[in-house]
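[1] Give me coordinates for this.
(one chain, ligands or ions: 1)
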Amino acid sequence: MSDGGSAEEDADVLDELFATIESRKHELPEGSYTASLFTHEKGENAVLEKIGEESTEAILAAKDEDLEELTYESADLVYHLLVLLSMKDLDLEDLRGELRDRF
Ligand SMILES: N=c1c2ncn([C@@H]3O[C@H](COP(=O)(O)OP(=O)(O)OP(=O)(O)O)[C@@H](O)[C@H]3O)c2ncn1[C@@H]1O[C@H](COP(=O)(O)O)[C@@H](O)[C@H]1O
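    Numbering: from 1, shown residues only. Sure thing, here's the model as predicted:
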């Protein structure tokens, strides 16, 4: 179904996204949605609420067999989950390590 980049580019996109999130966390640029999550501009628990919302939206898309919507909501979910990891000073290596340990 994927019509994206190469497998190598797809692996890198998570690293690139996480590096962007970390940079927003440290630099807090004006107009950045990511920065607004770190400054709690949208409320103390905004990122947690978003994870809940996006999970529900992904579930509904799956129930409707709407694969395009499922992919879109999953991307929203992964992005917000990575923001949460960064907020808690965890990173992709922690996530990869946990997944690797399960093999
Ligand atoms: N991947 C994402 C990403 N996925 C989702 N979102 C934002 O998450 C929000 C999703 O919320 P909703 O779907 O409920 O949409 P909404 O109603 O507009 O949201 P609210 O304004 O109500 O919070 C939207 O504002 C999206 O723009 C993201 N915002 C940023 N990124 C990545 O982060 C990078 C940096 O973004 P900035 O921090 O905005 O510069 C971008 O280049 C992207 O790569």
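
[2] any idea how far stretch 39-50 is from the chain center?
    Relative to the centre of its chain, stretch 39-50 is centred 14 Å away, using C-alpha atoms, centre = their mean, to the nearest Å.

[3] what about it, how long is it end to end?
    Stretch 39-50 has an end-to-end distance of 15 Å (C-alpha to C-alpha, to the nearest Å).

[4] Could I get the average pLDDT for it?
    For stretch 39-50, mean pLDDT is 93.

[5] quick one: contacts of that stretch?
    With contact meaning C-beta atoms under 8 Å, 6 or more residues apart in numbering, stretch 39-50 is reached by 28, 36, 37, 76, 80, 83, 84, 87. Where you see a C-beta, it was placed from the backbone N, CA and C, and this is true even at glycine.

[6] for the host helix or strand of residue 98, packing partners?
    Here residue 98 sits within helix 92-101, counting by DSSP states H and E. Helix 92-101 sits against helix 7-27, helix 67-87, with contacts defined as 3 or more C-beta pairs under 8 Å, 6 or more residues apart in numbering; DSSP states H and E.

[7] and the closest residue to residue 76 other than its chain neighbours, how many neighbours?
    Among residues not flanking residue 76 along the chain, residue 54 sits closest, at 4.4 Å (C-beta to C-beta, 6 or more residues apart in numbering). Neighbours of residue 54 under the rule other C-beta atoms under 10 Å: 20.
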